[in-house]
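**Q** with the input below, show me the fold.
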Amino acid sequence: MKSLHLAVTLGDPAGIGPEVVLKALADPSVAENYQITVVGSRALLISTYERLRSLSHLKPEDLAEPDSLSILDLPLEKTLLSQIRLGEGNAASGEASFAYLNAALAGTLNAQFDAIVTAPIAKYCWKAAGYDYPGQTEVLAQAAGVDKYGMLFVARSPYTGWVLRTLLATTHIPLSEVPRVLNPELMTRKLDLLVECLRTDFGLSEPKIVIAGLNPHSGEGGQLGTEEKEWLIAWLEAEKIQRREVKLVGPVPPDTMWVTPGQAWYTQGVNAAAADGYLALYHDQGLIPVKLMAFDQAINTTIGLPFVRTSPDHGTAFDIAGLGVAKAASMIEAIKLAATVTFSRLRPAVRSGLPNLTIRHF
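**A** Just a heads-up that it's a prediction; the model follows:
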C-alpha cells in the first residue's frame, strides 16, 4: 500500500474539506500506511490548521501538521484568496476547488498519482465561477474520455463488518426526468459497470445484485405505474439469461428493498441474506437509505474510469466550517478504499486474497 501514491484534494476551501483532510492525515491508520500528496493551497491549509489549533476541544494529535505533509501547492491570487470566507461558498471558493481537482486529475493522467480522493465541492460555487458541470464525477469522466461511468456508494458497517454497495442508475437530474431517461440500454450499461466493479475491485466473481423497481410496489401490475410492466421486468429477465454467473433479483419494490441491507448493517448473522450490490434507479431512492445507515462511513467512488476516484459521501457543510467539529471518518475510509481498489487493479495476481485484504484495510 505504501508504494501507491494518492492525491487528496482540499475541495471547497470555504467548507470542511481542509479540516477533514487534516484530521484524516493525522489518523495513524492513514499516516503510517499510505503515500499521500495534498492538492491545494499551502497557505490556506496552514491558516486552517492554525485556526483549528486555537480551539480548546481539539488536541494537537487530532490534526496533521502541514509542514509534515507532501503538498502540491496551488497558490491563490491575493484578490481571490481575500474573497474566500469560511462558511460562505462563492465564486472564489468554486474557482479554487475546480483548480484543485484539475491539478489532481492532470497528475493522475500523467502517472504522478495512482488514484484521486476528492474532498467535497459545492456545485453552485462552480457554476458561479463559470464551470457548468453537474459535479466532480462528470469532470473526471470527460477528461478520461469515457461515457460509461457511474456513482457507486460503498460503506462498511461498524456493527457487523458487512459492506453496502449501491450504484445509481441516474444521478443529478430532476425527479420528473427519471422515467424519461431510464431505458433498457442505460440499465444494461449500469449493470455492466456494477458487475465489472464487483469482480475487479472487490474480488466477487459470482455476485448477487438486487435491482429496484421504479414505482411503488414495482408498479403493481401497471396499476401504480407502467415502466415495470412495459420494459423493466422484460429487460431484467433477459439479463438473467445473459448473465448466468450473476444472481439478479428484482425489480424489488423500493420500500422493501432496503429492509435486508438494514438488518445486515445493524445485526450480526444476517449478512448472507444481503446482496453484494444494489442498483437504485434514481438519486434519492439509493442515497436516503445509504445516508440513513452510513452517513459518517459512506464513500462515493466513480466506477468506469481508467483510474480510481473516491470521495466522502457528505457535502461541504458550510454551516460548521471552521468550528472543529467535522468528522473525518468518511475521508479516512475514502483514502483506504482508494488504496485497496487501486492495489486490486494493479496486482491481479493477488485477487484471490482480496477479500481479506479489503476487510483489513477498508
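**Q** would you mark the buried spots in stretch 181-194?
**A** Within stretch 181-194, the residues scored as buried using 16 or more other CB atoms under 10 Å are 182, 187, 189, 190, 191, 193, 194. For the C-beta atoms, the positions are set from N, CA and C on the backbone; glycine is no exception.
**Q** out of those residues, which are inside strands?
**A** Applying DSSP state E to those, no entry is found in strands.
**Q** out of the residues you listed, who's nearest residue 42?
**A** Among the buried residues of stretch 181-194, residue 193 lies closest to residue 42 (CB to CB), at 36.9 Å.
**Q** quick check: bridge partners of the closest residue to the closest one other than its chain neighbours?
**A** Closest residue to residue 193 apart from its sequence neighbours, by CB to CB, 6 or more residues apart in numbering: residue 150 at 4.7 Å. Taking DSSP bridges as the rule, residue 150 bridges to residue 303.
**Q** surely residue 150 meets residue 303?
**A** Yes - the pair residue 150 / residue 303 is scored as a contact, 5.1 Å apart, by CB atoms under 8 Å.
**Q** which neighbours do those two have in common?
**A** 167, 193, 194 (CB atoms under 8 Å, 6 or more residues apart in numbering).
**Q** same list, these, but as JSON lines with distance to residue 123 and pLDDT please.
**A** Formatted as JSON lines, those follow (distance: CB to CB, whole Å; pLDDT from 0 to 100):
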{"residue": "167", "distance to residue 123": "21", "pLDDT": "98"}
{"residue": "193", "distance to residue 123": "23", "pLDDT": "97"}
{"residue": "194", "distance to residue 123": "25", "pLDDT": "98"}
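**Q** what number of residues lie near the residue nearest to residue 193?
**A** 24 (other CB atoms under 10 Å).
**Q** how close does it get to residue 169?
**A** 8 Å (CB to CB, to the nearest Å).
**Q** quick one on the thing from earlier: nearest to residue 291, out of the shared contacts of residue 150 and residue 303: which one, please.
**A** residue 167 (15.4 Å).
**Q** next one: phi and psi at the closest one?
**A** Here is the backbone geometry of residue 167 (degrees, to the nearest 10): phi -100, psi 140.
**Q** report the central residue of the protein.
**A** Central residue of the chain (CA atoms, centre = their mean): residue 300, 0.9 Å from the mean position.
**Q** hang on, it in a strand?
**A** Yes - per DSSP: H, G, I helix; E, B strand; the rest coil, residue 300 lies within a strand segment.
**Q** is it true that it touches residue 140?
**A** No - using CB under 8 Å as the test, residue 300 is too far from residue 140 to be in contact (11.7 Å).
**Q** can you give me the neighbour number for the closest residue to residue 192 other than its chain neighbours?
**A** Residue nearest to residue 192 in three dimensions, not counting chain neighbours: residue 148, with 7.3 Å by CB to CB, 6+ apart. When neighbours are defined as other CB under 10 Å, residue 148 has 13 of them.
**Q** mind pulling up the pLDDT for residue 148?
**A** You'll see residue 148 listed with a pLDDT of 93.
**Q** same thing with residue 351?
**A** Confidence at residue 351, expressed as pLDDT, is 37.
**Q** what does residue 344 give?
**A** 86.
**Q** now do the helices in the stretch 201-350 of the chain.
**A** In the stretch 201-350 of the chain, the helices defined using DSSP state H, counting those that start in this stretch lie at 227, 233-242, 254-257, 259-266, 283-294, 329-346.
**Q** by contact count, what packs against the longest one?
**A** Applying 3 or more CB pairs under 8 Å, 6 or more residues apart in numbering; DSSP states H and E, one finds that helix 329-346 contacts strand 5-9, helix 17-26, helix 28-31, strand 115-117, strand 150-156, strand 299-303, strand 308-312, helix 354-361.
**Q** separation between the residue of the chain most remote from its centre and residue 144?
**A** Ranked by distance from the centre of the chain (CA atoms, centre = their mean), the top residue is residue 223, with 35.9 Å. To residue 144, residue 223 is 43 Å away according to CB to CB.
**Q** OK, contacts around the residue farthest from the centre of the chain?
**A** Contacts of residue 223 (CB under 8 Å, 6+ apart): none.
**Q** if you set the cut-off to 10 Å instead, what comes out?
**A** Residue 223 makes contacts with 215, 216, 217, 229, as judged by CB atoms under 10 Å, 6 or more residues apart in numbering.
**Q** what values do phi and psi take at it?
**A** phi -80, psi -30.
**Q** which of the helices and strands packed on helix 329-346 has the lowest mean pLDDT?
**A** helix 354-361 (a mean of 32).
**Q** for this structure, which spans come out with low pLDDT?
**A** Within the chain, the segments meeting pLDDT under 70 span 1, 347-362.
**Q** from what I can see residue 344 touches residue 198, true?
**A** No - counting by CB atoms under 10 Å, residue 344 stays clear of residue 198, with 11.3 Å between them.
**Q** and those two? Which one has more around it.
**A** Counting neighbours by other CB under 10 Å for residue 344 and for residue 198 shows that residue 198 has the greater number, 23 against 19.
**Q** just the element for that one, please.
**A** helix 184-200 (DSSP states H and E).
**Q** okay, the angle between that helix and strand 299-303?
**A** 110 degrees (axes from the mean of the first three to the mean of the last three CA atoms, to 10 degrees).
**Q** helix 184-200 - contacts with which helices or strands?
**A** strand 150-156, strand 163-168, strand 208-212, helix 233-242, strand 277-280, strand 299-303, helix 329-346 (3 or more CB pairs under 10 Å, 6 or more residues apart in numbering; DSSP states H and E).
**Q** which one, of the ones you listed, ends up nearest to residue 78?
**A** Closest among the helices and strands packed on helix 184-200, using CB to CB: helix 329-346, at 29.0 Å.
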